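*Asks:* 3D, please:
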Amino acid sequence: MDDLSAQLADMMREYTSEVEVAVSNAIEEAGKELLKDVKEKSPKSQDGGDYQKGWRIKIEQSGSKKTAIVYNKTRYHLTHLLEHGHAKRNGGRVNAIPHIKPAEEKAETELMRRIEEAIGR
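*Replies:* This next block holds a predicted model:
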């Protein structure tokens, strides 16, 4: 009986380890896809495309927790204004150009699909 419980414990540790690696890889891949989508959908500007070229990804790992952060390094102050629109200086409004939220929703859906696949659902 002790041998059986030891084998089950080993199998659970192995499964847990495999799932952690699969989830970690899924997070990194989804983050890279999000970065690609945001870059593609970002508005093209007359300043040489600094906003579009400024997107970066930062992968952080703390123990078994992995996080992918996508951000704009060069024109970070424009992200909210472009995504949601804004008032013009002399009246009127600049239309929103949603490019972050759609890419985020797509990446989230894909990440959930990959995680469910990894845990065998």
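*Asks:* same for the longest helix anywhere in the chain, what does it pack against?
*Replies:* For the chain, the helix that runs over the most residues, judged by DSSP state H, is helix 2-41. The elements that helix 2-41 packs onto, with contact taken as 3 or more C-beta pairs under 8 Å, 6 or more residues apart in numbering; DSSP states H and E, are strand 55-62, strand 65-72, helix 101-119. Every residue, glycine included, has its C-beta placed from N, CA and C.
*Asks:* looking only at pLDDT, what's the mean for the helix or strand following the second one?
*Replies:* Note on strand 65-72: by DSSP states H and E, the next helix or strand toward the C-terminus is helix 79-84. Along helix 79-84, the predicted confidence averages to a pLDDT of 94.
*Asks:* Need the winner for burial among the helices and strands packed on helix 2-41.
*Replies:* strand 65-72 (a mean of 16; mean count of other C-beta atoms under 10 Å).
*Asks:* show me where pLDDT drops low in this structure?
*Replies:* 1, 47, 121 (pLDDT under 70).
*Asks:* same thing but 80
*Replies:* For the chain, the stretches flagged by pLDDT under 80 are 1-2, 45-48, 64, 120-121.
*Asks:* for it, which residue is closest to the average position?
*Replies:* Gly31 (3.4 Å; C-alpha atoms, centre = their mean).
*Asks:* Please name the residues that touch the closest residue to that residue other than its chain neighbours.
*Replies:* With sequence-adjacent residues excluded and distances taken as C-beta to C-beta, 6 or more residues apart in numbering, Gly31 is closest to Ala68, at 2.6 Å. Contact analysis of Ala68 by C-beta atoms under 8 Å, 6 or more residues apart in numbering lists 27-28, 30-32, 34, 57-60.
*Asks:* same thing but 6 Å
*Replies:* Contacts for Ala68 (C-beta atoms under 6 Å, 6 or more residues apart in numbering) come out as 27, 31, 59.
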